[in-house]
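Student: Fold the following.
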Amino acid sequence: MSGHSKFANIKHKKEKNDAAKGKIFTIIGREIAVAVKEGGSDPANNSKLRDVIAKAKANNMPNDTIDRGIKKAAGDLGSVNYVGITYEGYGPNGTAIIVNALTDNKNRTASNVRNAFTKGGGNVGTTGCVSYMFDEKGQIIIDKEECSMDADDLMMIALDAGADDFVEEEDSFEILTAPADFSAVREALEAQNIPMVSAEVTMVPQNYVELTNEDDIKKMNKILDLLDEDDDVQSVYHNWDE
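Tutor: Here you go, the predicted structure:
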């Protein structure tokens, strides 16, 4: 896992999101709506909602905005009709891309995603065509500068709570869990007031692909930028070694 600075990528994404908070707040708002619909509006009894709230706080979403989103979803259960869809496909030079979307219009989303791939010289494939190249993992990133705890103590808290792996990078710590153990590990860290830059269940590539051709890099960025601009797109995973 070393050598791929997820912390640097996350910081870059956060800077982009800070410039367009509407996008990330839309993403989290939809996740709140789905979590409330599936498990109710009380975070104490809804671990998925607790995870989304933690994600919201990590992205500097104000508490009153989070509360409004929960209340809106709770009072509007009949009309919350977002459907989750996953698209898989290929970018330049065989790079693998997975797109998760939450949408109220599947035709619109499918058209937009296909358009993003096409404009970047890629193509959407069939279900399962690239997901086998990724492992689903809970991933928690902690900024060393924000964490005063000793690395060994932090590692023991994470492992005792059920984490699979603890990786120390130059500027960050990375904790990996099985998806089922993610909430317990995140909550154990939260109980110790450990600030998390990112905490989510994600898709981790088994191997990375380098792009050395300038045109391929431009095309890949085109795909990712177009997907990033689409409000229906919740998350994008790829194995490009940026």
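
Student: Please make it C-alpha for all contacts and neighbour counts, starting now.
Tutor: OK.

Student: Wait, residue 237 touches residue 101, no?
Tutor: No. At 11.8 Å, residue 237 does not count as touching residue 101 under the criterion of Cα atoms under 8 Å.

Student: taking the mean pLDDT, what do you get for the strand ranked longest in the chain?
Tutor: In the chain, assigned by DSSP state E, the strand with the most residues is strand 134-143. Mean pLDDT, computed over strand 134-143, is 94.

Student: on that earlier part again, compare residue 237 and residue 101 and say which one has the larger neighbour count.
Tutor: Legend: neighbour count by other Cα atoms under 10 Å for residue 237 and residue 101, higher for residue 101 (24 against 18).

Student: Now do the helix or strand hosting the more buried one and strand 134-143, the angle between them.
Tutor: Per DSSP states H and E: residue 101 is located in strand 96-103. Put simply, strand 96-103 runs at 80 degrees to strand 134-143, going by axes from the mean of the first three to the mean of the last three Cα atoms, to 10 degrees.

Student: contacting residues around strand 96-103?
Tutor: 30, 82-91, 109, 130-131, 133, 232-240 (Cα atoms under 8 Å, 6 or more residues apart in numbering).

Student: next helix or strand past that strand?
Tutor: helix 106-119.

Student: Specify the residue ranges that define each domain of the chain.
Tutor: 6-79, 83-132+207-238, 134-205 (automatic domain parsing).

Student: coming back round to it: and the helix or strand following the longest strand of the chain, which residues are buried?
Tutor: Downstream of strand 134-143, the next assigned helix or strand under DSSP H and E is helix 151-160. Buried residues in helix 151-160, defined by neighbour count with 16 or more other Cα atoms under 10 Å: 154, 155, 158, 159.

Student: my guess is the second one meets residue 162, correct?
Tutor: No. Residue 155 is not in contact with residue 162 according to Cα under 8 Å; the separation is 10.8 Å.

Student: any idea how far the helix or strand hosting residue 174 is from the chain center?
Tutor: Element membership of residue 174 [criterion: DSSP H and E] is strand 172-177. Its chain's average C-alpha position is 14 Å from that of strand 172-177, according to Cα atoms, centre = their mean, to the nearest Å.
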